[in-house]
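In: sequence first, then the predicted structure, then my questions.
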Amino acid sequence: MFKKSELGKKGEQAAEAFLKEKGYEILKRNYRYGHGEIDIIAKDPEDGYLVFVEVKTRKNLEFGEPEYGITSGKIRQLKKVAELYLADNEIYEADCRFDVIAIIMEDEDNPSIKHYVNAFMW
């Protein structure tokens, strides 16, 4: 079975492949600022939105659905890091949103993936 860090990495790889399959352009993986991190930053092909994606991966449902692991503190941190990304890249006007990709990795070759578009507000 996976170590926690390996599981997270596998989940992020699956999420990136999933997004690419849907036509998203991956701009950045694992953008770090201070103690915060955004797993994937992408561009939505349909509406051009800049999308900050949080990926939550679990081996199974023993501890519940992966998306329920996103706390209000994590949301605050994601918002702060997203603002810093925009400032760092001198992006002053852009339509942005936060998505969540929840993955259950019981079968590594065929993970269960749920994509929550616009999962929470700024």
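Out: Structure's in. What do you need?
In: contacting residues around the helix or strand bottoming out on mean pLDDT in the chain?
Out: Across the helices and strands of the chain, mean pLDDT, DSSP states H and E gives its lowest value to helix 4-21, namely a mean of 94. The contact list for helix 4-21 (Cβ atoms under 8 Å, 6 or more residues apart in numbering) reads 2, 26, 29-30, 39-40, 42, 53, 55-59, 101, 103, 105, 108, 111, 113, 115. The C-beta positions use only the backbone N, C-alpha and C, and glycine is treated the same way.
In: so of these, which ones are in strands?
Out: 26, 29-30, 39-40, 42, 53, 55-58, 101, 103, 113, 115 (DSSP state E).
In: which of these count as buried?
Out: 29, 39-40, 42, 53, 55-58, 101, 103, 113 (16 or more other Cβ atoms under 10 Å).
In: in this structure, which segments are predicted with low confidence?
Out: 1-2 (pLDDT under 70).
In: how close does K28 sit to N110?
Out: Distance, K28 to N110, by Cβ to Cβ, to the nearest Å: 27 Å.
In: for M121, that is, sorry about that
Out: Distance of M121 to N110, given as Cβ to Cβ: 33 Å.
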